[in-house]
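**Q** show me the folded form of this:
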Amino acid sequence: MHIIETKNLTKKYGKEVLAVDNLNLEVKEGEIFGLLGPNGAGKTTTLMMLTTLRPPTSGTAKINGFDIIKEPHKVRKSIGIVFQDPSSDEILTGYENLKLHGLLYDMPKELMEKRISEVLKLVDLEKRKNDVVKKYSGGMRRRLELARGLMHRPKILFMDEPTLGLDPQSREHIWKYIEKLAKENKMTIIITTHYMDEADKLCDRLAIIDAGKIVVLNSPKELKKELGGDVIKIKTKKLNANALKKLKYVKKIQKSGGEYCLTVKDASTHLQEILKGTGKIDSVEIHSPTLDDVFLHYTGKAIREDSPEGGWAQKAMNMKTKK
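**A** Alright, predicted model coming up:
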């Protein structure tokens, strides 16, 4: 069953900016699905439309069987959102933040208290529920955001950069929660991330979006396999790229910053020949393909983990206030 389906989903800003270009996408129930793309690729606008924060220019999508244009209220009841930007009230306690969320969803009192207890236990915040949020660490705040997004038991959870800025231990904890939700509750989870190790570990499938289009979609394992060889990274000012392109075992050559990235079949066997005629070499690295290499292969650019697009939901709210 496809719990998310888009049909020629398109968004234009003015006459010149085509942010999303006839996007066709299907996501299965219970799947952890990743959206990767450089800044300005269109993933932010895609999420805005899927969560009914921005209407499409043309095309449509169905979320849990509900049309985003004709049935936006039913769509919103089906989804939860964990924002990248902190959105919990710092002067309220963790419990009070969750109670406020329950009131906004018009939950009956008995059910609300039950759900608050459940989600606090899930994210290990039971002992800190009566502390004001400003006393929480970054990891605790992130877990509270996750708890709040789960209060009304959504069928689909959208998570924007779920572990941005967290320490390695907190990231591991959030990963475990995400995997548990998908496995035990058949919850569909859509994440955007700039952390390639996160996408590799969590995502059943992922789509790389560039210039408003999906350039490739598959499981992380298959995407890496499709590169067809090992990766050699050479840091040098001079590389005879034209000569190397004629070698049958060299699949692709790309330049990223001050490095040349070569996709090579049996790289260790052919390394010496590849380095012939190369100028002064600052460094050489050989490794099996990673998602970073996949991203560079399909977009021609490296994704920067330290410069995320930032707060797509907050951007949507800001855009609504502009005249």
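**Q** so F33 versus V82, what's the distance?
**A** According to C-beta to C-beta, to the nearest Å, F33 and V82 sit 15 Å apart. Bear in mind the C-beta positions are built from the backbone N, C-alpha and C, glycine included.
**Q** show me the shaky parts of the protein.
**A** 277, 304-323 (pLDDT under 70).
**Q** identify the residues contacting R142.
**A** 162-163, 166, 170, 174 (C-beta atoms under 8 Å, 6 or more residues apart in numbering).
**Q** give me that answer again for 10 Å
**A** Listed by C-beta atoms under 10 Å, 6 or more residues apart in numbering, the contact set of R142 reads 82, 86, 88, 123, 136, 162-166, 170-171, 173-174, 177.
**Q** same deal with E273?
**A** 244, 247, 249-250.
**Q** repeat for G65
**A** 1-3, 5, 71, 74-75, 78, 155.
**Q** just the residues you listed: which are in strands?
**A** Using DSSP state E, the members of the contacts of G65 that fall within strands are 2-3, 5.
**Q** which of the residues you listed count as buried?
**A** I3 (16 or more other C-beta atoms under 10 Å).
**Q** check the ones in strands among the contacts of G65 against E184 and report the nearest one.
**A** Nearest to E184 out of the ones in strands among the contacts of G65 is I3 (C-beta to C-beta; 16.5 Å).
**Q** show me what counts as buried in stretch 89-97.
**A** Buried, per 16+ other C-beta under 10 Å, within stretch 89-97: 93-97.
**Q** sorry, slip of the keys, the one I care about is stretch 128-144.
**A** 128-129, 133, 136, 139-144.
**Q** most neighbours among the contacts of R142, please name it.
**A** When neighbours are counted by other C-beta atoms under 10 Å, P162 leads the contacts of R142 with 25 neighbours.
**Q** against G149, how distant is that residue?
**A** 10 Å.
**Q** what sits in contact with each of the two?
**A** Common neighbours of P162 and G149, counting by C-beta under 10 Å, 6+ apart, are V82.
**Q** could you dump stretch 201-215 to CSV, C-alpha only?
**A** Taking Å, rounded to 0.1, in the frame of the first residue of the first chain, the C-alpha atoms of stretch 201-215 are listed here in CSV:
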residue,chain,number,x,y,z
LYS,A,201,21.5,3.7,8.5
LEU,A,202,17.9,4.7,8.7
CYS,A,203,16.4,4.9,5.2
ASP,A,204,14.7,1.9,3.5
ARG,A,205,14.8,4.1,0.3
LEU,A,206,15.8,7.6,-0.5
ALA,A,207,15.4,10.1,-3.3
ILE,A,208,18.0,12.6,-4.3
ILE,A,209,16.3,15.7,-5.6
ASP,A,210,18.1,18.4,-7.7
ALA,A,211,16.5,21.3,-9.6
GLY,A,212,13.1,20.2,-8.6
LYS,A,213,13.3,16.7,-10.0
ILE,A,214,14.1,13.3,-8.6
VAL,A,215,17.4,12.4,-10.2
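**Q** for it, buried residues please.
**A** 202-203, 205-210, 212-214.
**Q** what's the answer for stretch 291-304, then?
**A** Buried residues in stretch 291-304, counted by 16+ other C-beta under 10 Å: 291-299, 302-303.
**Q** of all those residues, which comes closest to L181?
**A** Closest to L181, out of all of the buried residues of stretch 291-304 and judged by C-beta to C-beta, is L291, at 22.3 Å.
**Q** check contacts around that closest one.
**A** 34, 36, 195-200, 203, 206, 208, 220, 223-224, 303.
**Q** keep only those of the residues you listed that are in strands.
**A** Filtering those for strands - DSSP E - leaves 34, 36, 206, 208.
**Q** closest to I63 out of those?
**A** G34 (17.4 Å).
**Q** hang on, that closest one packs against N218?
**A** No. Using C-beta atoms under 10 Å, G34 makes no contact with N218, being 11.1 Å away.
**Q** strands along the stretch 1-150 of the chain, start to end?
**A** Counting by DSSP state E, counting those that start in this stretch, one finds strands in the stretch 1-150 of the chain at the ranges 2-13, 17-28, 32-36, 58-63, 66-67, 79-82.
**Q** if anything else comes up later, I'll come back, but that's it for now.
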